[in-house]
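# This is a predicted model, with the sequence first.
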Amino acid sequence: MNAWKIRIKGIVQGVGFRPFVYRIAVRHGVMGNVLNDTEGVLIHAEADEKSMSTFIEAIRREAPAPSDIVQIDVESAEYRGATVFEIVPSEHREGEVTAISPDLATCPDCLRELFNPNNRRYCYPFINCTHCGPRYSIIEELPYDRPGTSMAPFVMCEKCTTEYGDVLDRRFHAQPNACEICGPCYELLDSAGEPLDCIESLIVACEMLREGKIIAVKGIGGFHLIADASNIETIAELRVRKQRPQKPFALMVRDIETARRICSVSESEARELLSPAAPIVLLKKLDRPEFILPDELASGLDRLGIFLPYAPVHHLLLNISGIPALIATSGNKRDEPIACHNDEVVRDLAGIADAFLVHDREIVGRTDDSVGFEFEGEIVLTRRSRGYVPHPIKMPIARPPILSVGADLKGTFALTRGDEVYLSPYLGDLTGEKSIELFEEVLDRYLKWLKIRPDAVVCDLHPDYASTVLAERFATEWDIPLHRVQHHFAHALSVIAEHKLSDDSYIAVAFDGHGYDPDGTIWGGEFLLVDGTNFERTAHLAQVPQPGGDIAAKDARRMALSWAFEAFGKNLPNLAEKILRTFGESADALSKIVEKRRSPLTSSAGRLFDAVACILGVCCENTFEGECPQKLTAIADRGEVGEYHFAIGDDILDPSPAIREIFADIERGLPPKKISARFHNGLARGIVCMSKKIAQEKEIDTILLTGGVFQNPLLLKLVVDGLRETGLKPYWNRTVPPGDSGVALGQALYGLRLHSNR
C-alpha cells in the first residue's frame, strides 16, 4: 500500500465532484479522503499501484458532465493507514483559486421531480442539485460553499440538511439546495411595485400572460420581459414601451419538439439547445411552419433566436400558462445593463412591465443569455455570457496577469492567470454610466475571486472609448504599464488565442463595422499580416467617404450614395438620384461632401453591406446593430450561383464593379433575392482571391477570419469553403464571438506576448 496526493484543477466544485470521487474510491478499494479548497479538489489516496492507476483513470473518464478537468497532478504522500474513504470539510487557504462553474440549466432528474405531484419539490421554482442550477450568479467568495453565496440567508430545513449531508445523495453539498419550506420564494408585484393580494404568484402571472400582459420575471442571472409570442397586439405594445421598433425578440419555447414546429433544427443545434449552457440558438425559420408565429417577432429576418427553458420557473410558466412560445427578452431599458435587483427593476422598467414576478434570493453576478449559431456542427457564439462564463480559456502562453478592457461595443474584459484567461460576461455597450459601473463592479469581483493584481493593462487605440479611459485610470492608479493595440489586430489575435495557434505568421481577414486607426480613416475591411506583436496592413476594401461619421452607421442611405458616387462619379443612375432626393434641402450639400471626399474615409465591410441593403430597398436604417446586413442576408437565394465582380488590385479589393452590376440588375428587374446572393457570392470570391494572392506572396497557408461581419453564417460558409478549395487553412472564432466581445481575448494575448519578450 502506498499514498498519493492528487490535485485536480478546473471546474470541479459545485458539480457533484466529491461524491463522484467517493463512489469511484469505494469501487476501487481506495482509502483516504477528498476535500474542496481554493485551488480545486484535493485527494489523499491510499491503495496499491494497480488500484490507484485504475482509480485515477476512472476519474478522468467518468467525471460528471458539468465538470471540466483542466489538470490532474499526482505526487507521493505520507502513508497514514486510512481504513475508509471519506469527504472532509473544505479548506480555506491562501494561494491559487479554482475555476468557477457557470450557471447550469435544470437537469432531467430535477425536471422529473418538478412535475411529480408525489415529490416534495413539486412545482418548486428553485429546484436544483449538484448537476444543475445557479453557480456563477450566486457566488460572492471562494471556495464555493453556501456561506459564500447568496443562499447564506436561507437556513436549510431538516430534510434539506439530510440531503446536503448524504454523500450518496445527488444534492450532497449542492449549495443552492432548498425547498418551499426553507428556500427562496416568488412574489408578484403590480406595475407600481406593490405586492398583489395573491397566494399563487406563478398562477396569477400565467393568467396575466394569457391576457396579453408583459411580465418582468426574475430568473437566474437577471430579469426577462416575458409575453405571449403569438399575440400581435402585445408584441406591438412591447416594441413601443421598450423603444425597440425592429430588433428581433428571443423566444423561449416549451421543448425541442415545439422548436422543430417553428424552425429547422439540426442534430447539432438540438444538442446546443439541450446543453447545460442552454444558449439562444439562431435557427432558420421553416418555410411552412406547423406552428405559425407573427412575423413581427423578427420582421425581415430568416432566423429566430430560440432557447429552451433553463430555470425551473421557466418550465413552470410555460407549463401552467399553456403558451408554447413566450417572448423572453432582456429585462432592461434601452442601452442599459440587464436588471437583476427587485428595487432596480421596479424603478427601471416602470411603464414597460405590467407586473413583476420577483424572488428574494440576490443575484450576485448578472448575466444575459448567450447567443450563437451552428456552423459545421459546432456553435459559433455571438454573445458569450450565461452558461459559459466564467469558464476559462486556455492560452498558448503563460505570463504574469494581464487585464484587457476590450472595446466599447459589446463590452467585455479579460483577466489572465497563468495560461488561462477569464472573460467577463457580456456587459452591454459602454455608452452610459450604468454600463461603466457594471464593468467596474464585475472587474472588482473577478480580481477578488482570482486573487490577482494585473501587471499591465491593454486597451484599444481609440482615444475616446470609455474602455480606453478606464484603462488609463487603472494604469495610473495601479502604477502599471498601459499598452494599446489596433482594433482589427486584436480581432485577429483572438482567433490565434482561441485555437492556441503557434507563434507564427498568419493572414487575417478582419471585416466589421469600424475600427480606429491613427491614419485618420475608419478601418473595417482589412487583410492583415500578423506576426507576434506586430502586424502589417497588406490590403483592404476600397475606401469611400462615410458622410456624417457615426450617423452613417445608422442611416444607410448615406453609404448607398457614397458607393454610388465611387462607382459612377457624377453620372449617378436614376435610383441613386432618388435616394439623394430623400435628403431634401440638404441633398446638394451631401452630394458635394461625398463627391469631394470631405468626410472621413472608411474601408468598412459593414457599411458596404448597409449600402447594398439600401440600394436594394431592403433596409435603409439600422435601428439596431447589423439590421441592414442581416435583412440583406435573409433574402439571399441560397441556390443562386451567379456572382458580382470585385476588382483585385495590389492592395485594394474594390467593390465598385459589383455596385455597378447591382444597379444594372435592379434596372432590368432581377429579383432582390438574386442580387443579394450574387453580392454575397462575389464578396466571398473577392475575399478568397485576395487572401490567396497575399498568402502566395508571403508563403503562408493559414487564414484567420474574424470581425462582426463573420457572424453572417452565409458569408462565413462561402469564404471557408472557398479558402479550402484553394488549399488554404481557415480558422475562425467559435468560443469567443467574432464581433467586439472577442476583442478582449486578442488584447490579452497581445499583452502576454509583449511581456514575454521583455
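Thanks, I have it. Residues are numbered from 1 along each chain as shown.

# list the buried ones in stretch 45-57?
Within stretch 45-57, the residues that count as buried by 16 or more other Cβ atoms under 10 Å are 45-47, 51-52, 54-56. For the C-beta atoms, the positions are set from N, CA and C on the backbone; glycine is no exception.

# quick one: which two of the residues you listed are the most distant?
46 and 54 (14.5 Å; Cβ to Cβ).

# that older thread, out of the buried residues of stretch 45-57, list just those in helices.
51-52, 54-56 (DSSP state H).

# Now tabulate these in CSV and tack on distance to residue 505 and pLDDT.
CSV is the format used below for these (distance: Cβ to Cβ, whole Å; pLDDT from 0 to 100):
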residue, distance to residue 505, pLDDT
51, 50, 92
52, 46, 92
54, 46, 94
55, 45, 95
56, 40, 94
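
# Output these as JSON lines; include the columns distance to residue 214.
Listed next are these as JSON lines, based on distance: Cβ to Cβ, whole Å:
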{"residue": "51", "distance to residue 214": "60"}
{"residue": "52", "distance to residue 214": "59"}
{"residue": "54", "distance to residue 214": "57"}
{"residue": "55", "distance to residue 214": "54"}
{"residue": "56", "distance to residue 214": "54"}
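
# What are the structural domain limits within the protein?
2-87, 186-371, 379-490+739-756, 522-528+540-732 (automatic domain parsing).

# among these, which is the most enclosed?
The highest mean neighbour count among these, using mean count of other Cβ atoms under 10 Å, belongs to domain 379-490+739-756: a mean of 22.

# could you give the mean pLDDT of that domain?
Mean per-residue pLDDT for domain 379-490+739-756: 94.

# Distance from the chain centre to it, please.
15 Å (Cα atoms, centre = their mean, to the nearest Å).

# next one: stretch 170-179
28 Å.

# can you check stretch 684-694 too?
Distance, centroid of stretch 684-694 to centroid of chain: 29 Å (Cα atoms, centre = their mean).

# Then residue 245 would be within a strand, right?
No: under DSSP: H, G, I helix; E, B strand; the rest coil, residue 245 falls outside any strand and is assigned coil.

# For it, which non-adjacent residue is closest in space?
Closest residue to residue 245 apart from its sequence neighbours, by Cβ to Cβ, 6 or more residues apart in numbering: residue 623 at 5.2 Å.

# Please identify which of the domains of the chain is closest to residue 114.
domain 186-371 (5.7 Å).

# quick one on the thing from earlier: mind putting the buried residues of stretch 45-57 in TSV, distance to residue 138 included?
Formatted as TSV, the buried residues of stretch 45-57 follow (distance: Cβ to Cβ, whole Å):
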residue	distance to residue 138
45	31
46	36
47	37
51	38
52	36
54	36
55	32
56	32
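
# coming back round to it: for the domains of the chain, give me CSV that also has distance to residue 157.
Converted to CSV, those look like this (distance: least, Cβ to Cβ, whole Å):
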stretch, distance to residue 157
domain 2-87, 21
domain 186-371, 16
domain 379-490+739-756, 29
domain 522-528+540-732, 47
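
# Mind checking the ones you listed for the one nearest to residue 104?
domain 186-371 (4.3 Å).

# Ends of the closest one, what's the gap?
From its first residue to its last, domain 186-371 covers 27 Å (Cα to Cα, to the nearest Å).

# The chain should start at 381 in everything you say after this.
Let's use 381 as the start, then, which means that last one is domain 566-751.

# So which residues of the stretch 431-580 of the chain form helices?
Under the criterion DSSP state H, counting those that start in this stretch, the stretch 431-580 of the chain contains helices at 488-494, 538-545.

# Turn those into CSV, including mean pLDDT.
Converted to CSV, the helices of the stretch 431-580 of the chain look like this (pLDDT from 0 to 100):
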stretch, mean pLDDT
helix 488-494, 97
helix 538-545, 95
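
# could you dump these to a markdown table with distance to residue 925 and mean neighbour count?
Below are the helices of the stretch 431-580 of the chain laid out as a markdown table (distance: least, Cβ to Cβ, whole Å; neighbours: other Cβ atoms under 10 Å):
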| stretch | distance to residue 925 | mean neighbour count |
| --- | --- | --- |
| helix 488-494 | 57 | 16 |
| helix 538-545 | 66 | 14 |
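
# what's the closest of those to residue 964?
helix 488-494 (59.0 Å).

# Can you list the neighbours in contact with the closest one?
486, 499, 501-504, 507-509, 511-513, 550, 692, 695-696 (Cβ atoms under 8 Å, 6 or more residues apart in numbering).

# Need the max-distance pair from the residues you listed.
Farthest apart among those - using Cβ to Cβ - are 550 and 696, which lie 21.1 Å from each other.

# In TSV, list the helices of the stretch 431-580 of the chain along with distance to residue 819.
Below are those laid out as TSV (distance: least, Cβ to Cβ, whole Å):
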stretch	distance to residue 819
helix 488-494	34
helix 538-545	36
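
# Which pLDDT value goes with residue 1056?
Residue 1056 is given a pLDDT of 98.

# Neighbours of the closest residue to residue 1129 other than its chain neighbours, how many?
The shortest distance from residue 1129 to any residue other than its chain neighbours is 4.2 Å, reached at residue 877 (Cβ to Cβ, 6+ apart). Residue 877 has 28 neighbours, counted by other Cβ atoms under 10 Å.

# Secondary structure element for residue 877, which one?
helix 867-878 (DSSP states H and E).

# and that helix, what does it pack onto?
Secondary-structure packing of helix 867-878 (3 or more Cβ pairs under 8 Å, 6 or more residues apart in numbering; DSSP states H and E): strand 773-779, strand 885-896, strand 902-911, strand 1082-1086, helix 1123-1136.

# what's the angle from it to helix 1123-1136?
80 degrees (axes from the mean of the first three to the mean of the last three Cα atoms, to 10 degrees).

# mind exporting helix 867-878 as PDB, just the C-alpha atoms?
Extracted in PDB, the C-alpha atoms of helix 867-878 (Å, rounded to 0.1, in the frame of the first residue of the first chain):
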ATOM      1  CA  HIS A 867      -8.700  47.000 -33.100                       C
ATOM      2  CA  HIS A 868      -8.500  44.600 -36.100                       C
ATOM      3  CA  PHE A 869      -5.200  43.300 -34.900                       C
ATOM      4  CA  ALA A 870      -6.800  42.400 -31.600                       C
ATOM      5  CA  HIS A 871      -9.600  40.600 -33.600                       C
ATOM      6  CA  ALA A 872      -7.000  38.500 -35.400                       C
ATOM      7  CA  LEU A 873      -5.200  37.700 -32.200                       C
ATOM      8  CA  SER A 874      -8.500  36.400 -30.700                       C
ATOM      9  CA  VAL A 875      -8.500  33.600 -33.300                       C
ATOM     10  CA  ILE A 876      -4.900  32.700 -32.500                       C
ATOM     11  CA  ALA A 877      -5.600  32.700 -28.800                       C
ATOM     12  CA  GLU A 878      -8.800  30.600 -29.100                       C
END
